[in-house]
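> just a sequence and a predicted model for now, questions to come.
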Amino acid sequence: MADWLSSIAQKFYTAFIKADRWKLYVKGLGYTMEISAFAALLGIVLGTIVALMKLSHTRSGKPTVWAHIADIYIDIIRGTPSVLQLLIMWCVIMVSSKNGVLVSIITFGINSGAYVAEIIRSGILAVDKGQTEAGRAMGLSQAQTMAYIVLPQAFKNALPPIGNEFITLIKETAIVGYVGLSDLTRAANNISARTYEAFMPLFGAAVIYFVITKLLSVLLGKLERRMRRSDNR
Amino acid sequence: MITVKGLKKSFGNNEILKGIDYEIDKGEKIVIVGPSGAGKSTFLRCLNLLEEPTAGQIFLDGEEITDPKANINKVRQKMGMVFQHFNLFANLTVMENITLAPVKLKKMTKEQAHEKAVQLLKRVNLLDKADAYPASLSGGQQQRIAIVRALAMNPEVMLFDEPTSALDPEMVGEVLEVMRELAEEGMTMIVVTHEMSFAKEVATKCLFIDQGIIMEENTPQNFFDHPQNPRLQDFLSKVL
């Protein structure tokens, strides 16, 4: 028993403490969080714009050219692996950029935007048509009605799946090792290769991802409850 | 004040309005009755272009609002509308519901709009609900606030689309009371309703719309006591 415990302690020491290795995890987590946060922000902005594009129609109810562009964008992003999207961005489209973090943020922002667009679109469609009619009947423009009345309610509807998307996004960034970034996953992998000991670094990284995503889901739950204020009966 | 010429509206192949001509003067209270599906609500919704007419013209104060170049948002600011299902903005408090449009459309400053809202809420005895959200209010309260919200824009005419149809019977009275007061003050009103006693009491003219046309137009007295059109006679015998 004592042997076993001391071997665990030894492994822990090798994986996290020796040669200040914990700093590699912290630095890796820094990349993971930086990329996730900015990509999420970009995804929300892009997703909202694309959702509005996709819902745009002419007076006779036909989809506009913007709606078709949005459709194509969503189809392409959803239909290709994110690893490939990242590699295409890194090796082809933004090949002149040596900034892996920036390329990753843009790639994941564009990727997330496609999913967020569909989430927000369904959030908008879930808002009662009477809300729009009341706004328009008062003389508010289409844009004002959207901005002050429909979108706030749509975001509230969309918050749970958007939270889900953020959590997915954090985990998906684990592939940025492909563009030479030592994010949390790559850092753990590097350390296990260096120490010939996989258990501690890989499980350690998994626990860190779990704690981060759990924390995020708790925060989102709080936000959701606050936004439900207007539903209290 | 409002002139309607040859108004038609179809949804796909289904022609709901088959040519309506009518003229409404300032201060009139027009009550529209008729069987469901007859086109009453569609007619009302065409007046502020929530439904786009398929054919025909509508004039407000001499300006053709069905002209594609007309500024429809400006036109709507002159027409308040009250809906069957209230349609209060669910994400905003009562006060915000009332002040949103006047402030955003630059008709009033925030302070002026607030002051006006307080004054209107007092009138319908709901000032204590100013900070409540719509979902916490009863149907009757919501509809009174919806009326106040429309009035806050100082409209020239008020359109009511079955304002009491979604209410519990005990709440109908409080809403009709507000509408009655409004009528007494001289507001021009166009009301689609099934409340026959309200029609009798308040209307200057009653319209019977069926099968997409105005079947009968008359003073409330003659409309209810001496209806000419056989379909109206039949309709009244069922609802009265």
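On my side now, so go ahead.
> longest helix of chain B?
As assigned by DSSP state H, the longest helix anywhere in chain B is helix B:169-184.
> residues of that helix that come out buried?
By neighbour count on 16 or more other CB atoms under 10 Å in any protein chain shown, the buried set for helix B:169-184 is B:171-172, B:174-176, B:178-179, B:182-183. Using the backbone N, CA and C atoms, a C-beta is placed for each residue, glycine as well.
> which SS class is A:Lys98?
coil (DSSP: H, G, I helix; E, B strand; the rest coil).
> can you read off the pLDDT for it?
pLDDT recorded at A:Lys98 is 87.
> what helices and strands are in contact with the strand or helix carrying A:Ser192?
Under the criterion of DSSP states H and E, A:Ser192 resides in helix A:184-195. In terms of contacts (3 or more CB pairs under 8 Å, 6 or more residues apart in numbering or on different chains; DSSP states H and E), helix A:184-195 is packed against helix A:22-55, helix A:199-227.
> so for chain B, which of those helices sits nearest?
Nearest to chain B among the helices and strands packed on helix A:184-195 is helix A:199-227 (8.9 Å), distances taken as CB to the nearest CB.
> do me a favour and average the pLDDT over that closest one.
92.
> can you give me the buried ones in it?
Buried, per 16+ other CB under 10 Å, within helix A:199-227: A:200-202, A:204-205, A:208-209, A:212-213, A:216, A:220, A:227.
> ok and it relative to helix A:184-195, angle-wise?
Angle of helix A:199-227 versus helix A:184-195, following axes from the mean of the first three to the mean of the last three CA atoms, to 10 degrees, is 170 degrees.
> make a markdown table out of the helices and strands packed on helix A:184-195 and add distance to A:Gly135.
Formatted as a markdown table, the helices and strands packed on helix A:184-195 follow (distance: least, CB to CB, whole Å):
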| stretch | distance to A:Gly135 |
| --- | --- |
| helix A:22-55 | 15 |
| helix A:199-227 | 20 |
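> could these go into TSV alongside distance to chain B?
Shown next, in TSV, are the helices and strands packed on helix A:184-195 (distance: least, CB to the nearest CB, whole Å):
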stretch	distance to chain B
helix A:22-55	16
helix A:199-227	9
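> out of the ones you listed, nearest to B:Arg231?
Among those, the nearest to B:Arg231 by CB to CB is helix A:22-55 (41.9 Å).
> what is that closest one packed up against?
Short answer (3+ CB pairs under 8 Å, 6+ apart): helix A:22-55 packs on helix A:65-78, helix A:100-125, helix A:151-172, helix A:184-195, helix A:199-227.
> which ones are touching residue 105?
The chain I'm using is chain A. By CB atoms under 8 Å, 6 or more residues apart in numbering or on different chains, the contact set of A:Ile105 is A:34-35, A:38-39, A:42.
> was after chain B, sorry
A:138-140, B:73, B:77, B:153.
> tell me how far the closest residue to A:Gly109 other than its chain neighbours lies from A:Ala114.
Take A:Gly109 and drop its neighbours on the chain: the residue closest to it by CB to CB, 6 or more residues apart in numbering or on different chains is A:Leu42, 2.8 Å away. Going from A:Leu42 to A:Ala114 by CB to CB, to the nearest Å gives 12 Å.
> repeat that for B:Glu111.
45 Å.
> before we move on, what about A:Lys62?
Between A:Lys62 and A:Ala114 the distance is 23 Å, computed by CB to CB.
> compare the two and say which is more crowded by neighbours.
The neighbour comparison of A:Lys62 against A:Ala114 (other CB atoms under 10 Å in any protein chain shown) goes to A:Ala114, with 20 against 8.
> wait, the more buried one sits on A:Thr80?
No. Look at A:Ala114 against A:Thr80 with CB atoms under 8 Å: they stay out of range, at 10.3 Å.
> from the chain's centroid, how far away is the lowest-mean-pLDDT helix or strand in chain A?
Ranked by mean pLDDT, DSSP states H and E, the weakest helix or strand in chain A is helix A:2-12, scoring a mean of 87. Its chain's C-alpha centre and that of helix A:2-12 lie 38 Å apart, by CA atoms, centre = their mean, to the nearest Å.
> between that helix and helix A:184-195, how many degrees?
Using the same axes, to 10 degrees: helix A:2-12 against helix A:184-195 is 120 degrees.
> B:His16 contacts B:Gln211, doesn't it?
Just to correct that, residue B:16 is Ile rather than His. No. Using CB under 8 Å, B:Ile16 is not in contact with B:Gln211; the gap is 9.6 Å.
> looking at the two, which is more packed in?
B:Ile16 (20 against 15).
> list the helices and strands the helix or strand that contains that one packs on?
Using DSSP H and E, B:Ile16 sits within strand B:14-24. Applying 3+ CB pairs under 8 Å, 6+ apart, one finds that strand B:14-24 makes contact with strand B:2-11, helix B:40-47, strand B:213-218.
> parallel or antiparallel, list what pairs with the first one.
When sheet partners are counted by DSSP bridges, strand B:2-11 sits next to strand B:14-24 (antiparallel), strand B:55-60 (antiparallel).
> buried residues, the shortest one. List them.
This points to strand B:55-60. When burial is assessed from 16+ other CB under 10 Å, strand B:55-60 yields the following buried residues: B:56, B:58-60.
> which residues does the residue lying closest to B:Thr93 once chain neighbours are set aside contact?
Nearest non-adjacent residue to B:Thr93, counting by CB to CB, 6+ apart: B:Asp131, 5.3 Å away. Neighbouring residues of B:Asp131 by CB under 8 Å, 6+ apart: B:93-95.
> got it, and B:Lys9?
B:Lys9 makes contact with B:15-17, B:39, B:42, B:46, B:51, B:53-54, according to CB under 8 Å, 6+ apart.
> distance to A:His68 and pLDDT added to the residues you listed, as JSON lines?
Putting the contacts of B:Lys9 into JSON lines (distance: CB to CB, whole Å; pLDDT from 0 to 100) gives the following:
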{"residue": "B:Glu15", "distance to A:His68": "32", "pLDDT": "92"}
{"residue": "B:Ile16", "distance to A:His68": "32", "pLDDT": "93"}
{"residue": "B:Leu17", "distance to A:His68": "34", "pLDDT": "93"}
{"residue": "B:Gly39", "distance to A:His68": "36", "pLDDT": "90"}
{"residue": "B:Thr42", "distance to A:His68": "32", "pLDDT": "94"}
{"residue": "B:Cys46", "distance to A:His68": "31", "pLDDT": "95"}
{"residue": "B:Glu51", "distance to A:His68": "27", "pLDDT": "93"}
{"residue": "B:Pro53", "distance to A:His68": "29", "pLDDT": "93"}
{"residue": "B:Thr54", "distance to A:His68": "27", "pLDDT": "93"}
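> now which of those residues would you call buried?
Buried members of the contacts of B:Lys9, scored by 16+ other CB under 10 Å, are B:16-17, B:39, B:42, B:46, B:51, B:53.
> any chance of those in TSV, plus distance to B:Lys8?
Formatted as TSV, these follow (distance: CB to CB, whole Å):
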residue	distance to B:Lys8
B:Ile16	9
B:Leu17	5
B:Gly39	10
B:Thr42	10
B:Cys46	9
B:Glu51	11
B:Pro53	7
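> many thanks, I have nothing further to ask.
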